[in-house]
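> here is the input, now give the coordinates:
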Amino acid sequence: MNRKLGLGIVAIALAGCGGPTPTAEVPTVPPPPEPQPSVPKLSVVATSAVLCDLVKTVGAADIDLTCLMAPGVDPHTYQTTPADKRAIEAAAVVFRNGYGFEPAIDQAVTGAKGKVVAVAEVAVPKPLLVAPHSHEHGEDKDKHNHDHGHEHGEDKD
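Reported below is the predicted structural model:
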């Protein structure tokens, strides 16, 4: 009987050491982060396709970009549309080529409320300008275009 009692105590002790039966715990999911206030994208206009590519590369997802000219459009003869003018007026920044490269754009940006950046004029503020000159020099060696004190064909005494 003592032996049965001893085995019973050992069995109860071992059962008590085993701990509770494991239960599957449901992992707690952290609450979703509070929505951050969205920062409005900067409204930007780029006039030519090249400027549009550059601005798109730099601005990426932080800007709302409007490109006025598609690739292959001649900036010298481009005519702005009413939609172009509205985009220019509403933009925070307008990137144009400058130096008269886009005559219609030069006129349209006068109504811009945002900053207008003439990229070429910023990049090269003092371009090398060659003074106009005639191309008649050296063409005819027998011509004399200077006064050297005598008439040609004049008799000398």
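
> now do the buried residues in stretch 111-122.
Within stretch 111-122, the residues scored as buried using 16 or more other C-beta atoms under 10 Å are 112, 114, 116-119. Just so you know, the C-beta spots here come from the backbone N, C-alpha and C atoms, and that holds for glycine as well.

> can you tell me which of these is nearest Val73?
For the buried residues of stretch 111-122, the closest approach to Val73 (C-beta to C-beta) belongs to Val119, at 17.0 Å.

> next, give phi and psi for the closest one.
phi -60, psi -50 (degrees, to the nearest 10).

> ok so, going back, now, which of the buried residues of stretch 111-122 lie within strands?
116-118 (DSSP state E).

> in a markdown table, list those along with distance to Asp62 and pLDDT.
Formatted as a markdown table, those follow (distance: C-beta to C-beta, whole Å; pLDDT from 0 to 100):
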| residue | distance to Asp62 | pLDDT |
| --- | --- | --- |
| Val116 | 20 | 97 |
| Val117 | 17 | 97 |
| Ala118 | 22 | 96 |
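
> just those residues now: which is nearest Leu51?
For these, the nearest to Leu51 is Val117 (9.5 Å; C-beta to C-beta).

> mind checking how far that closest one is from Pro35?
In this view, Val117 and Pro35 are 34 Å apart by C-beta to C-beta, to the nearest Å.

> what helix or strand is Ser43 on?
strand 42-46 (DSSP states H and E).

> within the sheet, what are the partner strands of that strand, with directions?
Its sheet considered, strand 42-46 pairs with strand 63-67 (parallel), strand 93-96 (parallel) by DSSP bridges.

> which stretches of this protein have low pLDDT?
1-24, 26-27, 132-157 (pLDDT under 70).

> hmm, try it at 90
Within the chain, the stretches with pLDDT under 90 are 1-40, 60-61, 111, 125-157.

> can you pull out the helices in it?
Using DSSP state H, the helices of the chain run over 2-17, 49-59, 82-90, 103-108, 119-123.

> which residues does the second one contact?
Contacts of helix 49-59 with the rest of the structure, by C-beta atoms under 8 Å, 6 or more residues apart in numbering, involve 42, 44, 46, 63, 65, 67-73, 95-97, 119.

> at 10 Å instead, please
Applying C-beta atoms under 10 Å, 6 or more residues apart in numbering, the contact partners of helix 49-59 are 41-42, 44-48, 63, 65-73, 75, 93-97, 102, 117, 119-120.
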